[in-house]
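Provided below for reference: sequence and predicted model.
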Amino acid sequence: MRFLGDVRSRLEKNGIPSYRANQVFKDLFEKGIGSYDDMKTLPSNVKDFLKNNVPIFSIVPKKESTSKDGSTKKILFELNDGELIEAVLMKFDDGRNTVCVSSQVGCMMNCKFCATGQLSFKRNLTYEEIADQVLYFATLLKKTKEYVTHVVYMGMGEPFLNYTEVAKSIDMLRDDAALNMGSRSITVSTCGIVPEIKRFAEQFKQVNLAVSLHAPSDEVRNEIMPISTKYPLEELIEACKTYTEITHRRITFEYVMLDGVNDKERHAYQLAVLLRGLLCLVNIIPYNETSIKGIKGSQKSKIDKFRSILDSNHIQVTVRVSLGKDIDAACGQLARKNKLSINSNNHGGRKQKDSGKV
Ligand code: SAH
């Protein structure tokens, strides 16, 4: 759905009173009515106009998979031009319902360990295509009187290479006529597009920022994240400092644990030195298996050791619990290729065991 102002002017231009747009927004966002046919307040000529000119959803769900424990639902959406993206709903047992959205079709960052990076980049998503991923889950949840509590921009793509549309989508999520979400319940994750970090800090002081760091030195980072040759660590950390000065908010550094690559004890010490004095949290991510050859996750003992070194060096640290691994819905596993293979859905009962931070 587009911004309320856009829909109002669209109607007005076509001789339909603009208050009809407010009725649509009330039905859609407050009552969760996801189809014009079910909106009782609208006369049929208005319904017809809207159906042909202002589709409720700019994306069409094609396949739904639910994890065995019921905590995670992944949806494959088709876009108007036939491209495909995925979005994931994670239901945590502390009551959070977090939607992970994609910001691009494919990704051009080519991080060595990420399944999305193996896809070629196709195009940026529009703000409507991004916000509609959330809207879709919101209308689903409404049926059981639940709602989306958090949104993370951690699906396919690099949000800061699609800054304008990502920013508009955040405005749509926060719009009180639309999803009315709080800034603090939204998190944008970037692999480190330095100039946009400051821009983001100035534009969205309350929205959370996560940075995919994954390495304590340029030497290691260059090996796994090509973007680091463009923006070396020194510049990245400087931008992160500026972010905390502007926003006074803690920054989250994501750190995926890769066997033999970035998980040694000396890496943990190096990381502690790099981040000393910065208002931050390190979120260690156990690697989710992909089909990428030569990349393996670290053993639990290594992760524990790494964590305790950071901890004893006064760096705040958590270990992320990933949901939805059995349906390839966890971090870095979103990699639907350009074809639709409709397998049987994997529906399970709703039982929530895991909890964790996303
Ligand atoms: N491009 C943005 C948004 C993606 S967020 C970014 O890089 O931040 C997805 C997060 O999951 C990133 O931190 C990414 O590096 C990480 N990730 C990628 N592949 C993964 C995998 N297989 N297991 C665990 N985390 C992974």
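That came in fine, so what should we check first? Owing to the predicted nature of the structure, the values given are computational and were not obtained by experimental measurement.

all contacts plus neighbour counts: C-alpha atoms, from now on.
Will do.

Relative to residue 259, how far out is whichever residue of the stretch 1-150 of the chain sits closest to the ligand?
Nearest residue of the stretch 1-150 of the chain to the ligand, counting by Cα to the nearest ligand atom: residue 114, 3.5 Å away. Going from residue 114 to residue 259 by Cα to Cα, to the nearest Å gives 14 Å.

Which one's more surrounded, those two?
residue 114 (26 against 17; other Cα atoms under 10 Å).

Isn't the more buried one up against residue 293?
No: between residue 114 and residue 293 there is no contact under Cα atoms under 8 Å: 11.2 Å.

ends of stretch 65-80, how far apart?
From its first residue to its last, stretch 65-80 covers 22 Å (Cα to Cα).

can you offset everything so residue one is 551?
Renumbered: residue one is now 551, and that last one reads stretch 615-630.

Contact partners for the residue lying closest to residue 743 once chain neighbours are set aside?
Distances taken as Cα to Cα, 6 or more residues apart in numbering place residue 710 nearest to residue 743, at 6.4 Å, with adjacent residues excluded. Residues near residue 710 by Cα atoms under 8 Å, 6 or more residues apart in numbering: 716, 740, 743, 746.

Quick one, grab the pLDDT at residue 710.
Note for residue 710: predicted pLDDT of 98.

ok so residue 636 is a strand residue?
Yes: note on residue 636: a strand contains this position according to DSSP: H, G, I helix; E, B strand; the rest coil.

Okay, and the beta partners of the nearest residue to it once chain neighbours are set aside?
Ranked by Cα to Cα, 6+ apart and with sequence neighbours excluded, the top spatial neighbour of residue 636 is residue 626, at 4.6 Å. Beta bridges link residue 626 to residue 613, residue 636, judged by DSSP bridges.

Quickly note the distance from residue 626 to residue 723.
21 Å.

And the two? Which one has more around it.
Shown here are residue 626 and residue 723; by other Cα under 10 Å, residue 723 has more neighbours (24 against 21).

quick one: what helix or strand has the more buried one in it?
Element membership of residue 723 [criterion: DSSP states H and E] is helix 713-724.

just to revisit the earlier point, check the contacts of residue 710 and tell me the two furthest apart.
Distance extremes for those: the farthest pair is 716 and 743 at 14.0 Å, using Cα to Cα.

can I see the domain layout of this protein?
Each domain of the chain is listed here as a residue range: 551-604, 607-877, per automatic domain parsing.

Tell me which of the ones you listed is the most buried.
Mean neighbours per residue, mean count of other Cα atoms under 10 Å, is largest over the domains of the chain for domain 607-877, with a mean of 19.

tell me how far the ends of that one are from each other?
Terminal-residue distance, domain 607-877 (Cα to Cα): 24 Å.

ok now it, how far from the chain's centre?
In terms of Cα atoms, centre = their mean, to the nearest Å, the centre of domain 607-877 is found 6 Å from the chain centre.

okay, residue 904: pLDDT?
pLDDT for residue 904: 31.

give me the element the closest residue to residue 879 other than its chain neighbours is part of.
Excluding its sequence neighbours, the residue lying closest to residue 879 (Cα to Cα, 6+ apart) is residue 624, at 6.1 Å. Assignment of secondary structure by DSSP H and E places residue 624 within strand 622-628.

what pLDDT, on average, does that strand get?
Averaging pLDDT along strand 622-628 yields 95.

Equivalent analysis for stretch 855-862, please.
98.

again, but for stretch 803-813
Per-residue pLDDT over stretch 803-813 has a mean of 97.

can you list contacts of it?
The contact list for stretch 803-813 (Cα under 8 Å, 6+ apart) reads 760-766, 770, 830-837, 845-849, 852-853, 856.

which ones among those residues are found in helices?
Secondary structure from DSSP state H places 770, 852-853, 856 of the contacts of stretch 803-813 in helices.

ok, and of those, which contact the ligand?
By Cα under 6 Å from any ligand atom, no member of the ones in helices among the contacts of stretch 803-813 lies near the ligand.

Residue nearest the middle of this protein, spatially speaking?
Centroid check for the chain by Cα atoms, centre = their mean gives residue 703 as the closest residue, at 2.3 Å.

got the contact list for that one?
650-653, 709, 737-739.

Please repeat the previous calculation with a cut-off of 7 Å.
Counting by Cα atoms under 7 Å, 6 or more residues apart in numbering, residue 703 makes contact with 650-652, 709, 737-739.

what do you get for residue 820?
Per Cα under 7 Å, 6+ apart, neighbours of residue 820: residue 766.

phi, psi of it?
For residue 820, the backbone dihedrals are phi -60, psi -40 (criterion: degrees, to the nearest 10).

Let's see the pLDDT reported for it.
So, for residue 820, pLDDT stands at 98.

cool, and residue 886?
So residue 886 comes in at 57 (pLDDT).

ditto for residue 597
In this model, residue 597 carries a pLDDT of 96.

Verify the stated contact: it with residue 586.
Yes: at 6.0 Å, residue 597 counts as touching residue 586 under the criterion of Cα atoms under 7 Å.

Contacting the ligand as well, which ones from the contacts of residue 710?
Near the ligand, by the rule Cα under 6 Å from any ligand atom, you find residue 740 out of those.

Where does residue 598 fall, secondary structure wise?
Applying DSSP H and E, one finds residue 598 within helix 594-603.

Then residue 805?
strand 801-807.

helix or strand for residue 816, which one?
Element membership for residue 816, per DSSP H and E: helix 815-825.

near the ligand, which residues of the stretch 801-908 of the chain?
804, 806, 835, 837-840, 881-883.

Quick one: which of those has the lowest pLDDT value?
For these, the weakest pLDDT value sits at residue 882, with 62.
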